[in-house]
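Q: coords please:
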Amino acid sequence: MKLHRLELRGIGPFAGHHTIDFDRLSVAGLYLLEGPTGSGKSTIIDAITWALYGAVAGGDDSTKDRIRSTHADPRTESFVDLVFSVNAGMYRVRRTPDWF
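A: Numbering: from 1, shown residues only. Here you go, the predicted model:
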């Protein structure tokens, strides 16, 4: 599987709209999620996992309730939009958590 683009809004610490272009990041074939504690690295992985499987990784206490940002405007829809490809083709999945 190859990730192409991750777009998210109102997810974890990311209250606003953000896009990660993995194609641009992986021109050399490899990329690294790096940053200080609390910068959102795990949230990016959670967003990808949630988009693909409809659940977040973790133990029994991990729920998808943690996907919605507590920093987002309550009137703004949260979403994760992931474009990825596998041998069978390119796919796009968009998920929206409960937010009102």
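Q: mind listing what's buried in the biggest strand by length in the chain?
A: Ordering each strand of the chain by length in residues (DSSP state E) puts strand 2-11 first. For strand 2-11, a neighbour-count test (16 or more other CB atoms under 10 Å) marks 3-4, 6-11 as buried. In short, each C-beta sits where N, CA and C put it, glycine included.
Q: Convert whichever helix or strand comes after it to PDB, retaining C-alpha atoms only.
A: Using DSSP states H and E, the helix or strand that follows strand 2-11 in sequence is strand 14-21. Backbone C-alpha positions of strand 14-21 (Å, rounded to 0.1, in the frame of the first residue of the first chain) are rendered in PDB as follows:
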ATOM      1  CA  PHE A  14      -5.400  19.800  14.400                       C
ATOM      2  CA  ALA A  15      -8.400  22.000  14.800                       C
ATOM      3  CA  GLY A  16      -8.000  23.500  11.300                       C
ATOM      4  CA  HIS A  17      -7.700  22.100   7.800                       C
ATOM      5  CA  HIS A  18      -4.400  20.300   7.000                       C
ATOM      6  CA  THR A  19      -3.200  18.300   4.000                       C
ATOM      7  CA  ILE A  20      -0.200  16.000   3.900                       C
ATOM      8  CA  ASP A  21       1.000  15.200   0.300                       C
END
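Q: residue boundaries of the strands in the chain?
A: Under DSSP E, the chain gives strands at 2-11, 14-21, 79-86, 89-95.
Q: With mean pLDDT and distance to Pro36 as added columns, please give those in CSV.
A: Output for the strands of the chain, formatted as CSV (pLDDT from 0 to 100; distance: least, CB to CB, whole Å):
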stretch, mean pLDDT, distance to Pro36
strand 2-11, 95, 19
strand 14-21, 94, 15
strand 79-86, 97, 23
strand 89-95, 97, 28
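Q: in the chain, which helix has the most residues?
A: helix 41-53 (DSSP state H).
Q: Residues in contact with it: which ones?
A: Helix 41-53 is contacted from outside by 3, 6, 8, 11-14, 20, 33-35, 55-57, 64, 66-67, 80-82, 84, 93-95, using CB atoms under 8 Å, 6 or more residues apart in numbering.
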